[in-house]
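Asks: With the input below, show me the fold.
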Amino acid sequence: MSFILNDHPGLKDPVMISSWSGIGNIGLIAVDTLIDQLNAEELGEIKPWNFFDPQKAVFKDGLLHELEFPKSKFYYNRLPEKDTVFFVGEEQPGQMEKMYASGEKAYEMARLVLDVAEKTGIKRIYTSGACVTTSHHHIKPKVVAVASSEQLLEETCRIAQAHPMSKIGSEGGEGVITGLNGLLLSMAKKRGMEAACLMGEIPDWLSRAPFPYPKASLSVIEAFAKIIDVPVSATILEQKIEEIDKVVEKLYEKFPDKVKEQYDERKSELQPPGPITKEEAEWMKAHLDDFLQNLPNKEDGEDYGDDQKPT
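Replies: Residues are numbered from 1 along each chain as shown. This next block holds a predicted model:
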């Protein structure tokens, strides 16, 4: 067995909310923050040996203490309405330095998460991540949803006040969820579990930025809070959002007037974000990539805020 469960808490009709690292670490920050806010207890972990190389060796008093690996941990909380199991993965197991999970390791990781779900009586799984759209960073990010059935999609959108992916401008109602967030949904459905993904909206040009996007994480947190019926702090992530907003605004102010004028058209409520067309993608590449490539680093005195990771 490649996972360890520290306890078997006997949860009542639980759901699982899971996330991995990804674009803007939107889902990872959202789920990790919920764990912290709800004082969730550690349930167990997936053993890292077959998935990751060690990040570093930890020494104490001059002696090797342990090898440190990316963590893949489960937490749980008994809640008044829905007992909840949380899963957070600091990294996605991949191949050839890819950002997203791929190959045999990805399927094995998803299989183990689902094994734990079955062992704890879970019949519904949520994943969380990022949805790249032609939105504007001044606008509150929407939450975009997909699900394994029309009934679950309708329920999720109604309770979480989310938007179906088909309404956000995906071409022909189709879209793609990369990495383990998408893989877990598919494998859960094959096991007869209900599955849905809630994604925080991130402007396309920021999807390549080397810093998190907690503004979208907050939208995802608010959506999950409605689903599991728990309160969240009004100031949650406030400091991190302010830190990143300052960095993003500095980049935005460097846009040439013509580029800024085109980009600001996205703020119009009369013209909601549509699909990222080929022309828009070429425009982004020609005008915006160089801004991101020339970002000042922390050694130059900039602070992007820390990437929040699970403990």
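Asks: What residues sit buried inside the helix or strand that A106 is a member of?
Replies: Using DSSP states H and E, the element containing A106 is helix 103-119. Along helix 103-119, these residues count as buried under the neighbour rule (16 or more other Cβ atoms under 10 Å): 105-106, 108-110, 112-114, 116-117. C-betas here are computed from N, CA, C, even on glycine.
Asks: how about those residues in JSON lines, adding distance to L237 and pLDDT?
Replies: Formatted as JSON lines, the buried residues of helix 103-119 follow (distance: Cβ to Cβ, whole Å; pLDDT from 0 to 100):
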{"residue": "K105", "distance to L237": "31", "pLDDT": "83"}
{"residue": "A106", "distance to L237": "29", "pLDDT": "84"}
{"residue": "E108", "distance to L237": "32", "pLDDT": "88"}
{"residue": "M109", "distance to L237": "27", "pLDDT": "86"}
{"residue": "A110", "distance to L237": "28", "pLDDT": "89"}
{"residue": "L112", "distance to L237": "29", "pLDDT": "91"}
{"residue": "V113", "distance to L237": "25", "pLDDT": "93"}
{"residue": "L114", "distance to L237": "29", "pLDDT": "94"}
{"residue": "V116", "distance to L237": "27", "pLDDT": "92"}
{"residue": "A117", "distance to L237": "27", "pLDDT": "93"}
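Asks: from the residues you listed, which two are the most distant?
Replies: Maximum pairwise distance in the buried residues of helix 103-119, criterion Cβ to Cβ, is 18.9 Å, between K105 and A117.
Asks: follow-up on the earlier one: name the nearest of the buried residues of helix 103-119 relative to N6.
Replies: V116 (11.7 Å).
Asks: So the closest one is in contact with S2, correct?
Replies: No - V116 lies out of contact with S2 (Cβ atoms under 8 Å); the separation is 10.4 Å.
Asks: which neighbours do those two share?
Replies: When contacts are counted by Cβ atoms under 8 Å, 6 or more residues apart in numbering, V116 and S2 have no shared neighbour.
Asks: residue ranges for the helices of the stretch 101-250 of the chain, please.
Replies: Remark: helices assigned in the stretch 101-250 of the chain by DSSP state H, counting those that start in this stretch are 103-119, 150-160, 179-190, 214-228, 238-253.
Asks: Which strands or helices does the longest one pack on?
Replies: With contacts defined as 3 or more Cβ pairs under 8 Å, 6 or more residues apart in numbering; DSSP states H and E, the packing partners of helix 103-119 are strand 3-5, strand 15-20, strand 41-46, strand 84-89, helix 179-190.
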